[in-house]
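>>> Quick one, fold the following:
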Amino acid sequence: MKKSSIKLGNIPKKLKFYCRAESEFKFRWDDIEVDADTRVTRGHEAFAVDAENTKTHKTAETWAEGYRYYHREDKPEKTWFIDEYDNEPIEGLVLIGLEHRGNGGRAYKVKVKDKYVFDLREDVLLDILLNDQVTMGLIPGKFIFAKVGAEMKLIRVGSLLHSKMIEATDYWKEDVISKFEIGGVYQNKTTTMIYLGKVHFDVYHTEWQKTAHGWRNTLTEDHTKPPKSVTKVGERYTHAFFKWDPNYSSLDDDKFWYAYPLTTYDKLPKSFRRKINQFDSATILDTIKEKVLAQRLADNRNKQDPMLYLHYDLTHDLGILLNLSYTKGYVHPFYKEHMLHDKTA
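You can find the predicted model right below:
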């Protein structure tokens, strides 16, 4: 199995630079005034967006106009402009300063193409410092714009982040998967899941014992005690997916439990574009049940009483997972033993 996950993002083909009027950028020291400093440069502060993604253009336009301009009725003459470029690797970036922002935020400023001024994020600058040498502000290497998460940023060509963005860009070129195989491991843009098939499970209503708390002796549900009653109220027939860590290639690996490992869909999702592995379809559902239950019992917060707190889990994802079946009316033996008063259910 490929030991990586898809990073949300892409490398756009064409860019639009929304540029403010030319301004002056000065080097400044923290917490001290310096009478004279010759490190001053001029440039157009710019906001890069994907030329083909029109949803981001209005945000860039508002930024270029400036907040005060945008909210004034008597708008002065337009001073901002737009330049367009192919998103090709750029050389000759020059570090010109540091901007302090609210809540402790920082943005290093770089001059690009000897005209535009962009932010250089701290993680990218750290990558540069760890892999090359900056001399008199001149940053070596080639850089390209990439949409990383929700942010368009300059990244170093050849870096690990760059390789992830290439992988993410290639992902979007693949066709949406319409046919799923039981035991298949599938990726969408944010997660990796094993398809468990179209399955049945019963829906239960749980009535808990109550315990008095506080000076008012308010009665609240006590999830550390067995439930008072568990009543079947319905049944579902659904497509089930189990969240999977793509760094694990075998069902013998121990890391099976997540906060929300199970996802169900009434209709097959149209967000998966890549299949990366295939497990045995005949055993996958039982194997996952066995592994998850064993780990939940071993990791229980009260080692002396494994069922303490586990009753509550059995009314949520764990209980649903155990009772998934390809045949109608199935109840897992562990669930029947510890949740149902009627053991014949």
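>>> Give me the helices and strands touching the helix or strand encompassing residue 203, please.
According to DSSP states H and E, residue 203 maps onto strand 192-207. For strand 192-207, the packing partners by 3 or more CB pairs under 8 Å, 6 or more residues apart in numbering; DSSP states H and E come out as strand 184-187, strand 229-243, helix 284-298, helix 317-323. In this view, the C-beta of every residue, glycine as well, is placed from N, C-alpha and C.
>>> Output these in a markdown table; the columns should cover mean pLDDT and distance to residue 126.
Listed next are the helices and strands packed on strand 192-207 as a markdown table, based on pLDDT from 0 to 100; distance: least, CB to CB, whole Å:
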| stretch | mean pLDDT | distance to residue 126 |
| --- | --- | --- |
| strand 184-187 | 94 | 28 |
| strand 229-243 | 94 | 31 |
| helix 284-298 | 89 | 36 |
| helix 317-323 | 93 | 38 |
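>>> Got the domain ranges for the protein?
According to automatic domain parsing, the chain is divided into the following domains: 9-171, 184-338.
>>> Which one, of these, ends up nearest to residue 178?
Residue 178 sits nearest to domain 184-338 of all the domains of the chain, at 7.3 Å, using CB to CB.
>>> Residue 52 is nearest to which of the helices and strands packed on strand 192-207?
Between residue 52 and those, the shortest separation by CB to CB is 23.8 Å, and it involves strand 184-187.
>>> tell me what the closest one is packed against?
With contacts defined as 3+ CB pairs under 8 Å, 6+ apart, the secondary structure elements packing on strand 184-187 are strand 192-207, strand 274-278.
>>> Mind putting these into JSON lines with mean neighbour count, mean pLDDT and distance to residue 147?
Below are the helices and strands packed on strand 184-187 laid out as JSON lines (neighbours: other CB atoms under 10 Å; pLDDT from 0 to 100; distance: least, CB to CB, whole Å):
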{"stretch": "strand 192-207", "mean neighbour count": "19", "mean pLDDT": "95", "distance to residue 147": "21"}
{"stretch": "strand 274-278", "mean neighbour count": "16", "mean pLDDT": "92", "distance to residue 147": "19"}
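>>> I'd say residue 172 and residue 10 touch.
Yes. A contact is recorded between residue 172 and residue 10 when judged using CB atoms under 8 Å, the distance being 6.0 Å.
>>> of those two, who's got more company?
Counting neighbours by other CB atoms under 10 Å for residue 172 and for residue 10 shows that residue 10 has the greater number, 21 against 11.
>>> How much space separates the residue nearest to the more buried one when sequence neighbours are not counted from residue 186?
Counting by CB to CB, 6 or more residues apart in numbering, residue 10 lies nearest to residue 169, which is 4.5 Å off, once chain neighbours are set aside. Distance check for residue 169 against residue 186: by CB to CB, to the nearest Å, it reads 19 Å.
>>> more crowded one of the two?
It is residue 186, of residue 169 and residue 186, that has more neighbours when counted by other CB under 10 Å, with 22 against 16.
>>> returning to what we had before: want to try CSV for the helices and strands packed on strand 192-207, with distance to residue 40 as columns?
Converted to CSV, the helices and strands packed on strand 192-207 look like this (distance: least, CB to CB, whole Å):
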stretch, distance to residue 40
strand 184-187, 49
strand 229-243, 53
helix 284-298, 61
helix 317-323, 59
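>>> Residue 26: which of those is closest?
Shortest separation from residue 26 across the helices and strands packed on strand 192-207 is recorded for strand 184-187, at 46.9 Å, computed as CB to CB.
>>> Restricting to C-alpha, output that closest one in PDB.
What follows is the C-alpha trace of strand 184-187 in PDB, where atoms were taken according to Å, rounded to 0.1, in the frame of the first residue of the first chain:
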ATOM      1  CA  GLY A 184     -11.500  -2.500  -1.200                       C
ATOM      2  CA  VAL A 185      -9.500   0.400   0.300                       C
ATOM      3  CA  TYR A 186     -10.500   3.700  -1.300                       C
ATOM      4  CA  GLN A 187      -9.300   7.300  -1.000                       C
END
